[in-house]
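Undergrad: Quick one, what's the 3D model for this:
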Amino acid sequence: MNIKKIDLYYFSGTGNTLLVCRKMKETFEKKGVETKLYAIEKEVPANTNMESCIGLAFPVAVFTTYPLVMKFIKGLPKAEGTKVFMVDTMGGLSLGIRSVIKSMLKKKGYYPIASSQVVMPDNFWPTQEKDSQNPNIVNKGMSSASSYAENILNGTAQWSQVSVFPNAVYALSQFLFTLPSFRKKTIKFNKAKCVKCGLCSKLCPVGNITMHEYPIFNGKCEVCVRCNSFCPTGALYRKKDGEHVYRAVKPEELI
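TA: Numbering: from 1, shown residues only. Take a look at the predicted model:
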């Protein structure tokens, strides 16, 4: 497939998707294809370069992906055959998000060429294990990402659509993100452990956390789990105070 330049837009909660995108970028560039990475939460979709092949990368969450990712995709400009591919990272099931996004992109005039799912360590549920990053899963994920990148370039990758009622699942999953009870019960705050470092505020991709003396939560959480995964003291936590959380990169790589 004749691809000379790739702009790969990604969202990464705790780093899994960023690792996959870096591996794909490495593979693309070894094949002589100029590749740039862009964090979705920092970009304006209307400014997307239609002369490049567009990549979309994001985690699966609640059988779909985060509202901020869907907002970016919906905001992409209309195209006239611009090639586009996607990759999602997950520890469980996606239940049809590839079908939904393909339909959205085709209606905008894009030419969907490939999709793939890369299994990475589960970053959603805390664990009692100190080493929650399983190196075997990560290594397999990197191998899958590299193979997928090669297949995109040689034209053998396809946009598979194995799904069951994808539109219904997508609508229900997106609805869950709007429920205040879903957001409030997911991330908990132990004020006694907070050292007022402000890292959670810097990491939040949707501006849900602002710092005063302590962090203030503004009701816009999309449960990407960045804040609790990187909190240095465990003041922000998911299930039980003191459980270990997963992080694939250093926090400054996501700021």
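Undergrad: And the helices in this protein, which stretches?
TA: Counting by DSSP state H, the chain has these helices, from start to end: 16-30, 67-75, 97-107, 135-154, 166-178, 180-186, 199-203, 226-230.
Undergrad: okay if I get the ones you listed as CSV plus distance to residue 160 and mean neighbour count?
TA: The C-beta positions use only the backbone N, C-alpha and C, and glycine is treated the same way. As requested, the helices of the chain are arranged in CSV below (distance: least, CB to CB, whole Å; neighbours: other CB atoms under 10 Å):
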stretch, distance to residue 160, mean neighbour count
helix 16-30, 17, 21
helix 67-75, 18, 17
helix 97-107, 7, 19
helix 135-154, 12, 17
helix 166-178, 12, 16
helix 180-186, 30, 12
helix 199-203, 33, 20
helix 226-230, 29, 24
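Undergrad: quick one: low-confidence ranges for the stretch 1-150 of the chain?
TA: Across the stretch 1-150 of the chain, the stretches falling below the confidence threshold (pLDDT under 70) are 91-96, 125-133.
Undergrad: now with 90?
TA: Under the criterion of pLDDT under 90, the regions of the stretch 1-150 of the chain flagged as low confidence span 1-2, 60-66, 90-100, 121-136.
Undergrad: count of neighbours near residue 121?
TA: 20 (other CB atoms under 10 Å).
Undergrad: Help me confirm that it comes into contact with residue 138.
TA: Yes - judged on CB atoms under 8 Å, residue 121 makes contact with residue 138 at a distance of 6.5 Å.
Undergrad: Touching both of the two, which residues are there?
TA: residue 248 (CB atoms under 8 Å, 6 or more residues apart in numbering).
Undergrad: Enumerate the beta-bridge partners assigned to the residue positioned nearest the centre of the chain.
TA: Centrality entry for the chain: nearest residue to the mean C-alpha point is residue 58, 2.7 Å, by CA atoms, centre = their mean. For residue 58, the beta-bridge partners are residue 88 (DSSP bridges).
Undergrad: That one and residue 16: what is the separation?
TA: 10 Å (CB to CB, to the nearest Å).
Undergrad: Would you mind listing the residues touching both of those two?
TA: Residues touching both residue 58 and residue 16 (CB under 8 Å, 6+ apart) are residue 89.
Undergrad: List the contacts of the residue nearest to the centre of the chain.
TA: When contacts are counted by CB under 8 Å, 6+ apart, residue 58 is found next to 10, 11, 12, 17, 40, 65, 66, 69, 86, 88, 89.
Undergrad: In space, what's closest to residue 83 - neighbours in sequence excluded?
TA: Counting by CB to CB, 6 or more residues apart in numbering, residue 83 lies nearest to residue 53, which is 4.3 Å off, once chain neighbours are set aside.
Undergrad: and the one you found, bridged to which residues?
TA: Judged by DSSP bridges, the bridge partners of residue 53 are residue 6.
Undergrad: Pull the contacting residues for the residue lying closest to residue 140 once chain neighbours are set aside.
TA: Spatial nearest neighbour of residue 140, excluding adjacent residues (CB to CB, 6+ apart): residue 119 at 7.0 Å. If you count contacts by CB under 8 Å, 6+ apart, residue 119 has them with 89, 90, 91, 137, 140, 141, 144.
Undergrad: if we can go back for a sec, please tell me which one of the contacts of residue 58 counts the most neighbours.
TA: Counting by other CB under 10 Å, residue 89 has the largest number of neighbours within those, with 30 neighbours.
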